[in-house]
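Colleague: Just the structure for this:
(chains A and B)
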Number of protein chains: 2
Amino acid sequence: MIAELSTHPEMQPVHEALALGLARVRQRFDAQLVSADQPINELTEHVGRYRGKMLRPVLTLVCGLAAKVSAGGKVTAAELDGMWNQDHIIAAAVCEMVHMATLVHDDILDEADVRRGVRTINALKGNEAAVMLGDYLIAHAYDLANASARPTVSRVVSQAAVAVCAGELMQLSQRGNIGLTEAEYFRIVGGKTGALIAAACKLGAMASDAAEPVVDAMAKYGDLLGTAFQIQDDILDLTGDEGTVGKSVRKDVEKGKMTLPLIHVLRESGDDGQVARVLKRAATREWNHEDDSALGAALREHGSIEYAKQTAAGLVDRAKKGLDAVALSPVKQLMMVMADAVIDRTF
Amino acid sequence: MIAELSTHPEMQPVHEALALGLARVRQRFDAQLVSADQPINELTEHVGRYRGKMLRPVLTLVCGLAAKVSAGGKVTAAELDGMWNQDHIIAAAVCEMVHMATLVHDDILDEADVRRGVRTINALKGNEAAVMLGDYLIAHAYDLANASARPTVSRVVSQAAVAVCAGELMQLSQRGNIGLTEAEYFRIVGGKTGALIAAACKLGAMASDAAEPVVDAMAKYGDLLGTAFQIQDDILDLTGDEGTVGKSVRKDVEKGKMTLPLIHVLRESGDDGQVARVLKRAATREWNHEDDSALGAALREHGSIEYAKQTAAGLVDRAKKGLDAVALSPVKQLMMVMADAVIDRTF
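Modeller: Numbering: from 1, shown residues only, chains lettered A, B, ... in the order given. Below you'll find the model as predicted:
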């Protein structure tokens, strides 16, 4: 992902360093999960194939660098690579492991058969194996966190995990509630998607022994990016092409999840109109082609996709502006580019 | 549970102290889970109703005392209660929380509708809520562990959790494999049941700053007790009365789980005989009343229940003898009584 983001020559050393750093993260991740029991290795190796953009480890590493590189200084890839200590690598691997666990458990929740073109564990081995494998990954994530010399890794991750699960539980309890407010939506999303990405950024800065304002700025950057990321997911669920997005679309509507464009279109069209009826029907799974067209027309009429896009763009803008405490460098530039990429993606 | 174990007057102060300590554990447990979101509180309050014998917290507290009380000394309940520090209470609550999480996830695995006379979360709110609630409890368990001044609480718990999940995953992968050996059985059970009980005991001793041989002895005691506990569960699944046991019996056979009595009866009767055919059929869920009778007769003929009972009794005996490093006191006496109780129970 990162290599595609920018070909600016100044950033080249950062890209090279990241490739080195990520290789170490993958190594640590795999080493943590090696088991004496072959059936368990088969499961964890299978999950390794879910590995995608590695957004969280990338953020840990990039935030770790950004907190260390001084303003205006020119640095080589080797120098940058030398800036990461064991805690950067551990924290990055831990965040990825927790994320993988949530993917395995999400696939049970979504009854998904395929992820990134690979059959899901629940489809291959049943829900029981998927529940237990997710738990196993979580246990290993803390075990790895505890290998860090700082108790903060485990602490930051456990707090983030509480927020992620609370967000998911709130979302579940609000399913089919078309009266969900925008404020409630942002609280849910801040938990389920923002918290772990914020933790990844925060831990990167902490492993660099950054000053508190920098740590806080990185955490806020991650929180805003995560929320923008989720809004982009919401948009793609409504506008995306299944082939490009890599998973089924309109899932949110079918599951009665009120996403930002839906909250907007309902607010604009009034809650006793056709949109409300369509959304209520969708949540009871009586959703048909006509409903789909009616919803599409209403989203266009009220500019609800545009509204969601602008909201996400506003968050990305705040994320970038919030980095004032961080010294200007090619690394910081990459953080800016990454922020934009979160909402420019079509997958 | 504990009050019923012994009415010996010497142990009275220990029972009284335990009641005080457990009240503090429950308080800490509940305080950790209080949420600003009412739907989440409803879920965690519901899970509170699964609370049973509190075996793990009791063991943490008892092992904590046993490591502190000196030989022959007479102590009051208040003195005993004063021996517990924050780490005893935290560790006890953490072990209970991890245990609760496994119950919530186990109920999904078992498609169970009722636990301790209370409807399960998966039955009430669906599998999605149950997966996420279990994850939420695990996240909180580590968050609470991290409230301890010692990083060891989180460390010991994460290692135990890895072992628990590995045991469960191995058991899943071996389902329907009637060739499972006794050694493989003991490895699975040592993980899925022994590891967390051993951690509960170990953390009790560690919170008392016990010397390493004492910590190790307590961990071994927990490991042996946990394994004996599981064998007793296996026996009750074959011999128990549904009303007394509080859950459906013969589940293990139906699920293709090879338990100790089944491994024994198969070994004694030869693996091409009727028992093998019955067990193979059971694992494919074609189980009928005749099979049940045939299995019952074979278990009696070969003394397989008796064999499992004796094996469990042998483990309990080793657990008690292993406490030589622990000073003789009414607390140690209670540990002896508890060990016996694990296999004397009919529920």
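Colleague: Going by C-alpha atoms from here, please, whenever you check contacts or count neighbours.
Modeller: Noted.
Colleague: Just list whatever residues bridge to the nearest residue to A:R49 once chain neighbours are set aside.
Modeller: In this structure, A:R49 finds its nearest non-sequential neighbour in A:V118, 7.1 Å apart by CA to CA, 6 or more residues apart in numbering or on different chains. With DSSP bridges as the criterion, A:V118 is bridged to A:R115.
Colleague: I'd assumed A:R51 was in contact with A:V118.
Modeller: No - if you go by CA atoms under 8 Å, A:V118 and A:R51 don't touch, sitting 10.5 Å apart.
Colleague: how about low-confidence regions in the stretch 51-200 of chain A?
Modeller: For the stretch 51-200 of chain A, applying pLDDT under 70 flags the ranges A:71-73.
Colleague: Next to chain B, which bits of it? Give me the list.
Modeller: A:105, A:108-109, A:127-129, A:131-133, A:135-136, A:139-140, A:142-143, A:146, A:151, A:154-155, A:158-159, A:161-162, A:165-166, A:168-170, A:172-173 (CA under 8 Å from any CA of the partner chain).
Colleague: Can you select the buried ones among those for me in ChimeraX?
Modeller: One line in ChimeraX is enough to select the buried members of those, burial here meaning 16 or more other CA atoms under 10 Å in any protein chain shown:
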select /A:105,108,109,127,128,129,131,132,133,135,136,139,140,142,143,146,151,154,155,158,159,161,162,165,166,168,169,170,172
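Colleague: So which of the residues of the stretch 51-200 of chain A next to chain B are in helices?
Modeller: Of those, the ones assigned to helices by DSSP state H are A:105, A:108-109, A:127-129, A:131-133, A:135-136, A:139-140, A:142-143, A:154-155, A:158-159, A:161-162, A:165-166, A:168-170, A:172-173.
Colleague: what does stretch A:115-126 rub up against?
Modeller: A:43, A:46-47, A:49-50, A:52, A:104, A:107-108, A:111-114, A:127-130, A:246-247 (CA atoms under 8 Å, 6 or more residues apart in numbering or on different chains).
Colleague: again, but for stretch A:136-146
Modeller: A:32-33, A:90-91, A:93-95, A:97-98, A:100-101, A:153-154, B:151, B:154-155, B:158-159, B:161-162, B:165-166.
Colleague: Let's see that with 7 Å instead.
Modeller: With contact meaning CA atoms under 7 Å, 6 or more residues apart in numbering or on different chains, stretch A:136-146 is reached by A:32, A:90-91, A:94, A:97-98, A:101, A:153-154, B:155, B:158-159, B:161-162, B:165-166.
Colleague: And for stretch A:300-310?
Modeller: A:I231, A:I235, A:L260, A:P261, A:H264, A:V265, A:E268, A:L299.
Colleague: Swap in 8 Å and give it another go.
Modeller: By CA under 8 Å, 6+ apart, the list of residues contacting stretch A:300-310 reads A:I231, A:Q232, A:I235, A:L260, A:P261, A:L262, A:H264, A:V265, A:E268, A:S269, A:L299, A:I343.
Colleague: Let me see the contact set for the fourth one.
Modeller: By CA under 8 Å, 6+ apart, the contact set of A:L260 is A:E182, A:Y185, A:I231, A:D234, A:A308.
Colleague: For whichever strand or helix holds the last one, list every residue counted as buried.
Modeller: Assigning secondary structure by DSSP states H and E places A:A308 in helix A:304-321. When neighbours are counted by 16+ other CA under 10 Å, the buried residues of helix A:304-321 are found to be A:304-305, A:307-309, A:311-313, A:315-320.
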